[in-house]
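>>> Take this sequence and fold it.
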Amino acid sequence: YYWLGEVHLVQNNPKAALVNFKAGIETFPKGAKAPANLLKMGVALQQLGQPDLARGMWQKLVKDFPKAPEAEKAKAKLAELPKPAKK
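Model prediction:
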């Protein structure tokens, strides 16, 4: 699932990428590629113009997989995002 998602991201198709990353998380929620799937789900969501959903993916990654190398990448992505609008 992860690699299919990566191919779709490279082909500038974030919707299809999102479907594959999500399937990877649903099928293997604690698998070796789970942190990478969450990271890339955030990337795809950001490309789709949904920064709040991207933020949620990266926050979940940092919370659920704090020791994964992808958690540091997610923290960097979170720092780059503008602060969420207050409701």
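>>> alpha carbons only for contacts and neighbour counts from here, please
Will do.
>>> in this structure, which spans are helices?
2-10, 14-27, 34-47, 51-64, 69-80 (DSSP state H).
>>> next one: the fourth one to chain centre, how far?
Averaging C-alpha positions (CA atoms, centre = their mean, to the nearest Å) puts helix 51-64 7 Å from its chain's average.
>>> same deal with the third one?
Remark: helix 34-47 is offset 2 Å from the chain centroid, using CA atoms, centre = their mean.
>>> For that helix, name the packing helices and strands.
helix 2-10, helix 14-27, helix 51-64, helix 69-80 (3 or more CA pairs under 8 Å, 6 or more residues apart in numbering; DSSP states H and E).
>>> Which pLDDT value does the model give residue 83?
Model confidence at residue 83, given as pLDDT, is 78.
>>> Can you get me a residue count around it?
11 (other CA atoms under 10 Å).
>>> swap in residue 4?
With other CA under 10 Å as criterion, residue 4 counts 15.
>>> wait, what's in contact with the closest residue to it other than its chain neighbours?
Excluding its sequence neighbours, the residue lying closest to residue 4 (CA to CA, 6 or more residues apart in numbering) is residue 20, at 6.3 Å. By CA atoms under 8 Å, 6 or more residues apart in numbering, the residues touching residue 20 are 1, 2, 4, 5.
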